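Trainee: Model the following, please.
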Amino acid sequence: MHPPHQPQHQPGRAILCRCLATILFTLMWTLSKIASEAGVNTIEIVFYRSLFAAPVVLLWTLLGPGLHSIRTARPFAHLQRTGIGVISMFFTFYAITLLPLAEASTLSFSAPIFSTLMSAMLLGERIGIWRITAVIFGFLGVLVVMLPGFTDHHLPLDGLIAGVLSAIGIAMVTVTVRQISDTESATAIVFWFTIGAFLIFSMLMPWFGHMHDWRIIAMLAAMGGIGAIAQLFMTAALRFAPVGVVVPFDYTQLLWATLVGFLVWNNIPPGTTWLGSAIIITAGLVTIYREHRHRISRQATPTASG
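Mentor: Coordinates of the predicted model:
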């Protein structure tokens with residue numbers, strides 16, 4: 001047997017991969033929003049996202065770890081992860097169709113806050129005062145971002161709710177992946193989710209699918225391929241550095257989303273979005289740092305057999 005792949009410590013390469021992923025995800029979101037304005041509904045968007053991502057993931061598997069890496073002894077765990085993932089994906093793209101990119105990005109950043117809470121409730125993980133405080137402030141930041149939807153209707157309330165549901169879904173995916181990653185490889189998790197999402201949304205297309213101009217189809221194909229490449233860059237980043245090093249750079253996506261929103265749609269986020277994003281990002285960074293320190297402490301603690 002070949003020796004297992006050993007993680008490399010190359011933080012510069014890891015950060016570059018993560019930053020490239022945020023740029024590509026912003027481009028994917030931009031294309032999906034433009035497509036929605038051209039009459040493509042959310043079910044169609046997520047279908048084409050899965051359809052054109054599948055060849056990229058398959059090629060990556062064949063050229064990289066190989067098909068043997070997708071073998072699994074826990075098919076029902078992948079089925080559960082896929083079910084949660086497709087719901088999260090739907091709400092993510094639905095929020096993008098209704099909200100400016102900056103607000104949609106900001107709400108997605110609250111996912112680590114929700115995942116901390118779910119880890120405590122579902123996995124029994126202990127969370128200290130720092131992470132409890134971060135969760136409280138994170139929720140406060142979400143409410144600040146949503147404030148215009150409750151007051152002057154500057155932002156559609158249904159879009160804001162979809163953004164929060166998307167973040168909750170992302171958090172649930174994080175917890176589920178954490179539960180199965182002890183036995184399942186990253187390749188298997190990405191591969192089976194991509195195939196599962198494609199099959200699920202394929203079954204919905206007879207009711208929601210419509211004919212579109214070839215230029216729209218080309219745009220959707222680019223969206224799916226770019227999204228898959230972005231996901232691979234995010235995964236690759238974790239090969240070169242720990243989570244605590246690379247995840248903070250996910251927040252650079254807010255810069256790209258704000259820039260694209262201004263250049264394409266002339267959207268300028270209100271003060272509540274900037275204030276809420278600052279609170280959410282600060283809470284998220286505290287959560288990530290404390291989880292990173294907790295993981296290091298746990299690994300450094302000798303086991304009873306050791």
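Trainee: who touches Phe91 in this structure?
Mentor: Ala162, Gly163, Leu165, Ser166, Gly169 (CB atoms under 8 Å, 6 or more residues apart in numbering). (Glycine included, C-beta is placed from N, CA and C.)
Trainee: Quick check: mean pLDDT of the helix or strand harbouring it?
Mentor: Following DSSP states H and E, one finds Phe91 within helix 75-98. Averaging pLDDT along helix 75-98 gives 94.
Trainee: swap in stretch 124-143?
Mentor: Per-residue scores along stretch 124-143 average to 82.
Trainee: can you list contacts of it?
Mentor: For stretch 124-143, using CB under 8 Å, 6+ apart, the contacting residues are 107, 110, 112-113, 116-117, 119-120, 164, 167, 275-280, 282-284, 286-287, 290-291.
Trainee: Filter those residues down to the buried ones, ChimeraX style.
Mentor: Listed next is the ChimeraX selection for buried residues among those, using 16 or more other CB atoms under 10 Å:
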select :107,110,112,113,116,117,119,164,167,276,277,279,280,283,284,286,287,290,291
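Trainee: Return the subset of the contacts of stretch 124-143 lying in strands.
Mentor: Judged by DSSP state E, the contacts of stretch 124-143 include no members of strands.
Trainee: For the stretch 201-306 of the chain, which segments count as strands?
Mentor: Applying DSSP state E, counting those that start in this stretch to the stretch 201-306 of the chain gives no strands.
Trainee: Low-confidence bits of it, can you list those?
Mentor: Applying pLDDT under 70 to the stretch 201-306 of the chain flags the ranges 243-244, 292-306.
Trainee: could you pull out the helices for it?
Mentor: 214-240, 243-246, 253-265, 271-300 (DSSP state H, counting those that start in this stretch).
Trainee: any chance of the contacts of Phe91 in CSV, plus pLDDT and distance to Gly225?
Mentor: Shown next, in CSV, are these (pLDDT from 0 to 100; distance: CB to CB, whole Å):
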residue, pLDDT, distance to Gly225
Ala162, 95, 25
Gly163, 94, 25
Leu165, 95, 26
Ser166, 94, 22
Gly169, 93, 23
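Trainee: what sits against the closest residue to Val144 other than its chain neighbours?
Mentor: Spatially, and ignoring its direct neighbours in sequence, Val144 is nearest to Gly276 (3.6 Å; CB to CB, 6 or more residues apart in numbering). Residues in contact with Gly276 (CB under 8 Å, 6+ apart) are Thr106, Gly141, Val142, Leu143, Val144, Val145, Met146, Leu147.
Trainee: so the fifth one makes contact with Ile279?
Mentor: Yes. Under the criterion of CB atoms under 8 Å, Val144 makes contact with Ile279 at 6.4 Å.
Trainee: between the contacts of Gly276, which is closest to Ala257?
Mentor: The shortest gap between Ala257 and any of the contacts of Gly276 belongs to Thr106, at 8.4 Å (CB to CB).
Trainee: Check the gap between the closest one and Gln253 for me.
Mentor: Distance from Thr106 to Gln253, counting by CB to CB, to the nearest Å: 10 Å.
Trainee: With neighbour numbers in mind, choose between these two.
Mentor: Neighbours per residue (other CB atoms under 10 Å) separate Thr106 from Gln253, with Thr106 holding more: 31 against 24.
Trainee: which ones are touching the closest residue in space to the more buried one that isn't next to it in sequence?
Mentor: Using CB to CB, 6+ apart and skipping residues adjacent in sequence, the residue nearest Thr106 is Ser277, 4.3 Å away. Residues in contact with Ser277 (CB under 8 Å, 6+ apart) are Ala102, Thr106, Phe109, Gly141, Val145, Leu254, Pro269.
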